[in-house]
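[1] Okay, predicted coordinates and the sequence, questions at the end:
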Amino acid sequence: MNSETMDCAKDKSPKIRIDSAMLDAQVATLQKSSVALSVLSGTPDIVFILNKERQIVFANQVLLNLIAADNLSLIRGKLPGEALFCVNALSAPGCGANPACQFCGAVNAIRNAVSSGI
């Protein structure tokens with residue numbers, strides 16, 4: 001695994017990003033669940049699925065349209081704030097580690113889901 005360390009004492013987010021081969025394997029596993037992907041793709045709401053490192057593994061077309069991305073490969077492996085062009089995520093030390101992130105509802109919801117094993 002490749003790791004990118006983010007130095008922020010208050011950050012409780014994972015510090016590792018998996019390599020692209022492992023990410024491809026996660027995507028392939030997810031694609032085997034065609035019923036779930038159909039439901040997630042068909043919802044009118046923004047949907048994305050993250051791995052335990054908080055990297056995007058799946059995003060529906062609603063999210064891709066919002067960020068003007070032609071396909072998932074443009075955001076696959078990115079952290080949510082990076083994909084959504086969050087100003088705090090795009091500056092050092094990055095998504096989930098910037099001091100402003102402690103007030104971000106998305107980061108806090110993701111952290112709670114990861115820590116509770118959801």
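    Looks like it arrived, so ask away.

[2] what are the ranges of the strands in this structure?
    48-50, 56-59 (DSSP state E).

[3] just the ones you listed: most buried one?
    strand 56-59 (a mean of 22; mean count of other Cβ atoms under 10 Å). No exception for glycine: its C-beta is placed from N, CA and C like everyone else's.

[4] Listing partners with orientation, what would you give for that strand?
    Its sheet considered, strand 56-59 pairs with strand 48-50 (antiparallel) by DSSP bridges.

[5] Can you check the pLDDT for Ile118?
    Looking at Ile118, its pLDDT is 69.

[6] Let me fix that, I meant to ask about Lys12.
    On pLDDT, Lys12 comes in at 49.

[7] before we move on, what about Cys8?
    So Cys8 comes in at 37 (pLDDT).

[8] Gly42 now?
    92.

[9] how near is it to Ala100?
    Distance, Gly42 to Ala100, using Cβ to Cβ, to the nearest Å: 34 Å.

[10] Likewise for Asn108?
    Where Ala100 is concerned, Asn108 sits at a distance of 12 Å (Cβ to Cβ).
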